[in-house]
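Colleague: My questions are about this predicted structure, shown below with the sequence.
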Amino acid sequence: MLHRIFIAINFPETIKDKLLGFEKEYQVPAKWVSRENLHITLNFLGNLDDNQLLETIETVKQISLSHSPFIINLKKICYGPPKKFPPRMIWIEMDKSEGLSKLQIDLENNLFSLPSYKYKEKEEDYSFHPHVTLARIKTFEFRALGERPEINEELNLSFEAKSVEVMESELKRVGPEYTILESAKLSS
């Protein structure tokens, strides 16, 4: 059986509450992300078989123990990706974080060097741009808007990342459904 897998950092409930409040503030033709789906993707791994999944979970647990918790600062809500028109998303950008960058690189390097990944390739043109997707723009409706709302607001939200999750994504008609398969605590 294949599993569509990614590695993520999830948010505390208090941060989710604040992020979900933006749907009422910005009247844009978009499909807003559900509460359970708010996260920061560190690594998208794609379809894994059962053996690859088990190896992935064990590797993520080991890597997590070699990293300490760190602070994530959410700094701005805006359209994304940058310089893309029409925009594809409403998202939140964050301050650069050495802890986040090191963790993401360590996970990527270790996961893609696993023996069971020998036929799996990293996306060569992918560069890690940490963000939080809040909504996916409905392109046709967005183009039809006479005056497009400006979304470019500074934020001051922070939280301590204390764990990394191995997540499964199941694509459904109403949108993706994410399930936490394993939560690996960062060492303290």
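Modeller: Received the coordinates, thanks.

Colleague: Run through the bridge partners of Ile5.
Modeller: Residues in a beta bridge with Ile5, per DSSP bridges, are Gly46, Glu168.

Colleague: how much space between it and Ile151?
Modeller: To Ile151, Ile5 is 31 Å away according to CB to CB, to the nearest Å. For glycine as for every other residue, the C-beta is placed from the backbone atoms N, C-alpha and C.

Colleague: Give me the nearest residue to Arg35, chain neighbours excluded.
Modeller: Closest residue to Arg35 apart from its sequence neighbours, by CB to CB, 6 or more residues apart in numbering: Lys16 at 5.5 Å.

Colleague: The one helix or strand the one you found maps to packs against which elements?
Modeller: Applying DSSP states H and E as the criterion places Lys16 in helix 13-20. Using 3 or more CB pairs under 8 Å, 6 or more residues apart in numbering; DSSP states H and E, the elements in contact with helix 13-20 are strand 152-161.

Colleague: which strands and helices sit next to the strand it packs on?
Modeller: Applying 3+ CB pairs under 8 Å, 6+ apart, one finds that strand 152-161 contacts helix 13-20, strand 70-80.

Colleague: Who does it pair with, and is each partner parallel or antiparallel?
Modeller: With DSSP bridges as the test, strand 152-161 is paired with strand 70-80 (antiparallel).

Colleague: For the partner strand, buried residues please.
Modeller: Buried residues in strand 70-80, counting neighbours by 16 or more other CB atoms under 10 Å, are found at Phe70, Ile72, Leu74, Lys75, Lys76, Ile77, Cys78, Tyr79, Gly80.

Colleague: Which residues does that strand contact?
Modeller: Residues outside strand 70-80 that contact it (CB atoms under 8 Å, 6 or more residues apart in numbering): 9, 15, 22, 40, 87-95, 97-100, 103, 131-134, 137, 151-161, 186.

Colleague: And the helix or strand of the chain with the lowest mean pLDDT, what's buried?
Modeller: The weakest-scoring helix or strand in the chain, judged by mean pLDDT, DSSP states H and E, is helix 139-144 (a mean of 79). Of the residues in helix 139-144, Phe142 count as buried by neighbour count, 16+ other CB under 10 Å.

Colleague: gap between that helix and the chain center?
Modeller: Put simply, helix 139-144 sits 25 Å off its chain's centre (CA atoms, centre = their mean, to the nearest Å).

Colleague: rewinding a little: could you dump the helices and strands packed on strand 152-161 to JSON lines with mean pLDDT?
Modeller: Compiled in JSON lines, the helices and strands packed on strand 152-161 are given as follows (pLDDT from 0 to 100):
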{"stretch": "helix 13-20", "mean pLDDT": "93"}
{"stretch": "strand 70-80", "mean pLDDT": "95"}
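
Colleague: In TSV: the ones you listed, plus distance to Lys31.
Modeller: Formatted as TSV, the helices and strands packed on strand 152-161 follow (distance: least, CB to CB, whole Å):
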stretch	distance to Lys31
helix 13-20	14
strand 70-80	15
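
Colleague: Good, wrapping up.
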